[in-house]
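Asker: Sequence first, then the predicted structure, then my questions.
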Amino acid sequence: MSYTKSQLKAISTIDRNLQIIACAGSGKTEVISRRIVEILKQKKSACVGPPNIVAFTFTEKAAGELKDRIHLHCREVLGTDRGLADMFIGTIHAYCLTLLQSPPQYDFLKYRVLDEVQQRLLIDRNSKKSGLTETPLLNGGHLERWKDSALYQQLLAILGEGKVEPKKIPRAVWEAFGKYHELLVEKKLLDYTKIIAEAVAELKTNATIKEKISNQLKYLVVDEYQDVNPLQESLIRELAGLGANVCVVGDDDQTIYQWRGSDVGNIITFSDRYGDVRQLPLNENFRSSRAIVETARRIAEKNNPDRLQKAMEHTDAQPYQRGDLLALGFKDPAAEAEWIARKIKSLLGAPFTDRKDSPPRGLTYSDFAILLRTVRRDAAPILAALDRNEIRYVVAGMDGLFDTPEVRAMSLVFFYLSDFAPKGGTSPTETDVRAALQSPRLGLPSGRLDAGMDFLKAKKTTIGDRMDAELYLQRLYLDFLEAIQIREVDINAAAGDASAGEIVFFNLGKFSQVVSDFEQIHFNTVPKDLYPSFSQFLHFQAPGYYPEGWEEAGLARPNAVQILTVHRAKGMQWPAVFVPALRKNRFPSKRQGGRSVWSILPEKAVTNADRYKGTIADERRLFYVALTRAEKYLFCTWAPIADNQQQRTVSDFFNDFTNSEHVLTKDPVVSTPPRIPEKPRREDITLNLSFSALKYYFECPYLFKIRFLYGFDTPVSRALGYGKSLHDALAEIHSESIAGRIPSGTDVPRLVDEHLHLPFANAQVEQSLRDAAHRALSGYINEHGKNLTKLEHVEKPIELKLDEGVVVSGRVDLIRRTDTEEVVIVDFKSDERAQKEDISQKQLHIYAVGYEQLTGKRPDLIEIHNLDKGGAIREQVDSTLLANTMDTVVEAGRNLRDNKLTRISSWCKTCEGCDMVGICRPRETAMSKKAA
DNA sequence: AGCCGTGACATTTTT
DNA sequence: TGTCACGGCT
């Protein structure tokens, strides 16, 4: 790999703070990863290693890609990638959570992180305690339960992550904010904002943490810096203040998340706010033709105020021919769509060269992308045209989960059970439910419908004042699916399509998560209230919160035209890009009306209030992102919508685009280009796996698919949290031991009090588990207390980089040494989390390989403790088993990639203990076997 | 040309 | 419930 001058400069600038201004397509990830490896290389003598480097990315996916590249460069440059598991590469949220949950901090171990849906459920369920209904509107009145909870979430985010002037905020709003945080503490919950806020607070006030970080953190890299919000910036500030060298990377022209509070000001004034900053622009674009680069550049430069000084330069990455860039208007969207479809057809097989040194290949479906401001409103005519022309495509974010027949049917099941009448309708009868279940999508013969209806009728009579384990929502949902014996293969057969079942199961799996989200917040509600309440949630709120239905679950990309929003397209590229629907009020989008946070907060109280609303400059940046996705062909089009008053005129952006001299406004008639065989671009996808996910794969590949690809969840239990609590207590015991403060039996009551957190237990369960926890911990200290002086690592991150972009990562509970200085890998089980020993053994052998990769040393022994029963299994690390295990892991990676996740061929022990067997195969009991 | 009342319409999404 | 397009009016 050869680098340009400015890339080399960026890579080798490691002793000063650095701001890399990365134009679109400038090889940013390559530069950051190579720079990190350069630090390892040059600073090795100064004892700087992986634990001293931290890199923040915007998404987990980006983290995976960066990790992969660092591994690659490490092997190239240093000859080994040993020890990389100790480098933190991930999102700011993940970093902060780790910080809050690492020794000597133990309080936050028992906290659970809410996602946005669960946060909203919590707010509504506790509408007063959460402060929701006590929040006043500026012109009178208060926020209302259910109706305004989404708005309240937005308010919480601005108050927590934005820059606000407390004095200018109504007192009652501030008090509500406080109440919400009390509620979080009471329930031991964190939300996305609070993770960061708490970490910042610790960094500001906790001397121990400060010292720890300041000793450890030497280099901080922040990717996508333009999308950082004020709270995140304050974290970066604190980390820099503790002595870290800071490198930020970003492009102010690509700030597109302003409505989430990101502040371009951060990147623009970086060099004024941090000392000794070297500013390096990466101007060369290695992605697109000169025409695209120059056209896009003019758009970015056009009256976008406050830009960083830079000038994107082309490198003739693609040859340009007149006609590659077109700006066309049509009489209506149908005509526009038809032209797009025909253009795609005419370009299929056109010769295209991915890189200057690679041989040409013919363009195929996956080389085309259609980028829209809104897929939901503008995709329809395009889909119709592609269908007519038999062009394969995938749409992201088109129809919601709740629009699919299978999820509608499941909602109806719950409406029926609770006699819930959807707005403007009546509650469904048996006939209605039956009709919904009869949808060919579910592939159910009538006999199974009968069984299903019988099941529902019987259950319905039991819904009353008393909770029964069988009435927990998830339990009932899974039992119902078992009653109708739904099977992926049957759906495939009914549809005559080998992948139809995957889509339906994916959606049913998502529905299982919907059930979980609701149930975890409403755990203590009696059935006769729980069911109607869940129905209301399904009807009024859930559809807006689970917009995504089926999307290829991220493993393989099909050879099809991609249709997606510009936001989602960020970071991607295609040989040919269409940007249709360039109408005024659409792109740039019209500001939305309605009740907003500005009905609660005075605009003066929030610095940069405008940012949240979005400006024309923000929209232009978005347009710029769209244009710079294209490598060679770029087509901007528009057409008026006759019956929509606001969508009848052309967008200013279309005219800006037309102003470029490279753009033709009429499709030139050219002789058909030569065609060569179509061939998809080889795409390296990285696959990130956790050890726990892999554990399921070892049990049964199909179970893995059900749990991790489809997302089916298991029913909650009252004991949930017990195993985790023990685990947390042990983490403290071991961490404190390493620090020289070895706990004794007298510490056990305190440890139990501190760590036992059973969110779903009743008094009786709580008491018995509390006793059990006492016994387990006392037993452990009695039996193994003598070993506590010889501990090496607690919760050690382990990472395995396999071939073909598969990375497996996880944590080892404990690594200790024996009296004879042998290394032992230790894993803890409790009855709650019990599993078959051979799986634990396999798992520990993977850890053994991981440990070897991390330290270069092979562990000698593996040990499995059973905390509830006491005692331990101990065996020697076996090199044959080690090799076998590796083979299995590699094979697992390959099967995942190829989507070969089939169930175990016949009923076996695994099936007996499997939570998901009901949607896999009929149960075989001892009785049924005898009968057969 | 500019004012004003009326009616039509309503985005993006990761942690 | 805020914003825009439209058309009637000055």
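Answerer: Yes, it's here. Numbering: from 1, shown residues only, chains lettered A, B, ... in the order given.
Asker: Isn't A:Arg874 up against A:Ile862?
Answerer: Yes - at 7.4 Å, A:Arg874 counts as touching A:Ile862 under the criterion of C-beta atoms under 8 Å. Using the backbone N, CA and C atoms, a C-beta is placed for each residue, glycine as well.
Asker: mind checking the SS state of A:Val808?
Answerer: With DSSP: H, G, I helix; E, B strand; the rest coil as the basis, A:Val808 sits in strand.
Asker: list the residues that contact both of A:Arg874 and A:Ile862?
Answerer: A:Val824 (C-beta atoms under 8 Å, 6 or more residues apart in numbering).
Asker: These two: which has the busier surroundings?
Answerer: A:Ile862 (23 against 13; other C-beta atoms under 10 Å).
Asker: Can you tell me the element the nearest residue to that one once chain neighbours are set aside falls in?
Answerer: Distances taken as C-beta to C-beta, 6 or more residues apart in numbering place A:Leu844 nearest to A:Ile862, at 4.1 Å, with adjacent residues excluded. Using DSSP states H and E, A:Leu844 maps to helix A:837-855.
Asker: ok, and what's touching that helix?
Answerer: A:81-83, A:85-86, A:691, A:694-695, A:698-699, A:796, A:798-801, A:808, A:810, A:812, A:815, A:823, A:825, A:827, A:829, A:857-859, A:862, A:864, A:873, A:875, A:877-878, A:881-882, A:885-886, A:888-889.
Asker: Now, of those residues, which are buried?
Answerer: Among the contacts of helix A:837-855, those classed as buried by 16 or more other C-beta atoms under 10 Å are A:81-83, A:85-86, A:691, A:694-695, A:698-699, A:796, A:798-801, A:808, A:810, A:812, A:815, A:823, A:825, A:827, A:829, A:859, A:862, A:864, A:877, A:881-882, A:885-886, A:888-889.
Asker: Show residues contacting the helix or strand in which A:Phe623 is found.
Answerer: Taking DSSP H and E as the definition, A:Phe623 sits inside helix A:616-627. With C-beta under 8 Å, 6+ apart as the test, helix A:616-627 has contacts from A:24, A:253-256, A:258, A:292, A:295-296, A:299-300, A:302-305, A:371, A:373, A:566-567, A:569-570, A:577, A:579, A:587-589, A:634, A:653, A:657.
Asker: which of these count as buried?
Answerer: So, by 16+ other C-beta under 10 Å, the buried ones in the contacts of helix A:616-627 are A:24, A:253-256, A:258, A:292, A:295-296, A:299-300, A:304, A:371, A:373, A:566, A:569-570, A:577, A:579, A:587-588, A:634, A:653, A:657.
Asker: what subset of those residues is also close to DNA strand C?
Answerer: Subset of the buried ones among the contacts of helix A:616-627 in contact with DNA strand C: empty, counting by C-beta under 7 Å from any atom of the strand.
Asker: now, which of those residues lie within helices?
Answerer: Mapping these onto helices (DSSP state H) picks out A:Ile292, A:Thr295, A:Ala296, A:Ile299, A:Ala300, A:Val566, A:Ala569, A:Phe653, A:Phe657.
Asker: Would you tell me which residues of the stretch 451-600 of chain A are close to DNA strand C?
Answerer: A:Lys584, A:Asn585, A:Lys590, A:Arg591, A:Gly593, A:Gly594, A:Arg595, A:Ser596, A:Ser599.
Asker: actually the stretch 601-750 of chain A, not the one I typed
Answerer: Checking the stretch 601-750 of chain A against DNA strand C by C-beta under 7 Å from any atom of the strand, the hits are A:Gln645, A:Gln646, A:Arg648, A:Thr649.
Asker: Can you name every helix or strand that the helix or strand containing A:Phe534 contacts?
Answerer: A:Phe534 belongs to helix A:527-536 when assigned by DSSP H and E. Using 3 or more C-beta pairs under 8 Å, 6 or more residues apart in numbering; DSSP states H and E, the elements in contact with helix A:527-536 are helix A:405-418.
Asker: Send me whichever helix or strand comes after the helix it packs on as CSV with only the CA atoms.
Answerer: Next helix or strand after helix A:405-418 toward the C-terminus (DSSP H and E): helix A:430-437. Provided in CSV are the C-alpha atoms of helix A:430-437 (Å, rounded to 0.1, in the frame of the first residue of the first chain):
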residue,chain,number,x,y,z
GLU,A,430,-62.2,-15.8,16.9
THR,A,431,-63.0,-15.6,13.2
ASP,A,432,-60.9,-12.5,12.8
VAL,A,433,-57.9,-14.1,14.5
ARG,A,434,-58.3,-17.3,12.4
ALA,A,435,-58.5,-15.2,9.2
ALA,A,436,-55.3,-13.4,10.1
LEU,A,437,-53.5,-16.6,10.9
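Asker: Helix A:430-437 - what's its average pLDDT?
Answerer: Throughout helix A:430-437, pLDDT has a mean value of 93.
Asker: Distance from the chain centre to it, please.
Answerer: Helix A:430-437 sits 35 Å away from the centroid of its parent chain (C-alpha atoms, centre = their mean, to the nearest Å).
Asker: try stretch A:874-885
Answerer: So, by C-alpha atoms, centre = their mean, the centroid of stretch A:874-885 is 34 Å from its chain's centroid.
Asker: end-to-end on it?
Answerer: In stretch A:874-885, first residue to last residue: 18 Å (C-alpha to C-alpha, to the nearest Å).
Asker: Need the CA coordinates for the helix or strand containing A:Lys41. PDB is fine.
Answerer: If you go by DSSP H and E, A:Lys41 is part of helix A:28-42. Output of helix A:28-42 as PDB, limited to C-alpha atoms (Å, rounded to 0.1, in the frame of the first residue of the first chain):
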ATOM      1  CA  LYS A  28      -9.600   7.800   6.400                       C
ATOM      2  CA  THR A  29     -10.000   4.400   8.000                       C
ATOM      3  CA  GLU A  30      -6.800   3.300   6.400                       C
ATOM      4  CA  VAL A  31      -4.900   6.300   7.800                       C
ATOM      5  CA  ILE A  32      -6.300   6.000  11.300                       C
ATOM      6  CA  SER A  33      -5.500   2.300  11.600                       C
ATOM      7  CA  ARG A  34      -2.100   2.700  10.100                       C
ATOM      8  CA  ARG A  35      -1.400   5.600  12.500                       C
ATOM      9  CA  ILE A  36      -2.300   3.500  15.500                       C
ATOM     10  CA  VAL A  37       0.000   0.800  14.400                       C
ATOM     11  CA  GLU A  38       2.700   3.400  13.900                       C
ATOM     12  CA  ILE A  39       2.200   4.500  17.500                       C
ATOM     13  CA  LEU A  40       2.700   0.900  18.600                       C
ATOM     14  CA  LYS A  41       5.800   0.600  16.500                       C
ATOM     15  CA  GLN A  42       7.500   3.900  17.500                       C
END
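Asker: For that helix, which residues meet the burial criterion?
Answerer: Buried residues in helix A:28-42 (16+ other C-beta under 10 Å): A:28-40.
Asker: so how far is it from its chain's centroid?
Answerer: That offset, for helix A:28-42, works out to 25 Å (C-alpha atoms, centre = their mean).
Asker: What is that helix packed up against?
Answerer: Short answer (3+ C-beta pairs under 8 Å, 6+ apart): helix A:28-42 packs on helix A:5-12, strand A:17-22, strand A:53-57, helix A:60-73, strand A:219-222, strand A:245-250.
Asker: Make CSV out of these and add distance to A:Cys96, mean pLDDT and mean neighbour count.
Answerer: Below are these laid out as CSV (distance: least, C-beta to C-beta, whole Å; pLDDT from 0 to 100; neighbours: other C-beta atoms under 10 Å):
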stretch, distance to A:Cys96, mean pLDDT, mean neighbour count
helix A:5-12, 27, 95, 18
strand A:17-22, 22, 95, 24
strand A:53-57, 10, 97, 24
helix A:60-73, 14, 91, 20
strand A:219-222, 13, 98, 24
strand A:245-250, 17, 96, 24
